[in-house]
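Chemist: Take this sequence and fold it.
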Amino acid sequence: GMPRYKYVSNRFLTAVENLVMGTHLSECHTGYRAYSRRLLETVPFLRNSNNFVFDTEMIFQSHHFGFNFAEVPVSTKYFNEASSISFTASTIYGLSTLWVAGRYLLHRLKLWQFDVFKAPHRRRA
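Modeler: Numbers count the residues shown, from 1 in each chain. Next up is the predicted model:
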């Protein structure tokens, strides 16, 4: 099964994310993501990180710009041959996730503005 530290961390991070966004997502760190074309044309995802926290940024941006979520249950299997990030990388990911949640909250409260939550400028055709 999933290593205990990952399970506890995933549950904790999901609880923080739900609290900050006011959502009730079952899990934010496992599975696949599918996005509508409209979301991809609205959310400034090119400003996001180029690492594991990209998905977290997309979740917060999607919520910020008013998009809905739909969850489809999936099973996750952990085994020795499966690739997985190290404990150090997991810790960095967890702290980065908390930083995304903090930036989202500061932006929503209008205490600080962050480009990842600002609407991209539209080009005229």
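Chemist: count of residues packed around Thr97?
Modeler: Thr97 is flanked by 26 other residues according to other Cβ atoms under 10 Å. C-beta here means a position set from N, CA and C on the backbone, and glycine is covered the same way.
Chemist: isn't it right up against Leu13?
Modeler: Yes: in this structure, Thr97 is within contact of Leu13 by Cβ atoms under 8 Å, at 5.1 Å.
Chemist: intersection of neighbour lists for these two?
Modeler: Common contact partners of Thr97 and Leu13 (Cβ atoms under 8 Å, 6 or more residues apart in numbering): His29.
Chemist: name the element His121 belongs to?
Modeler: Using DSSP states H and E, His121 is not contained in any helix or strand.
Chemist: Can you check what pLDDT the model gives it?
Modeler: Predicted confidence (pLDDT) for His121: 70.
Chemist: mind checking how far it is from Phe67?
Modeler: 20 Å (Cβ to Cβ, to the nearest Å).
Chemist: With neighbour numbers in mind, choose between the two.
Modeler: Taking neighbours as other Cβ under 10 Å, His121 and Phe67 compare with Phe67 leading, 16 against 6.
Chemist: From Tyr7, how far out is the more buried one?
Modeler: Per Cβ to Cβ, Phe67 is found 28 Å from Tyr7.
Chemist: and if you look at His63?
Modeler: As judged by Cβ to Cβ, His63 and Tyr7 stand 24 Å apart.
Chemist: which SSE is the residue nearest in space to the middle of the chain in?
Modeler: With distances taken as Cα atoms, centre = their mean, Thr56 lies nearest the centre of the chain, 1.2 Å away. If you go by DSSP H and E, Thr56 is part of helix 54-64.
Chemist: Same check on Leu39?
Modeler: Using DSSP H and E, Leu39 falls within helix 37-42.
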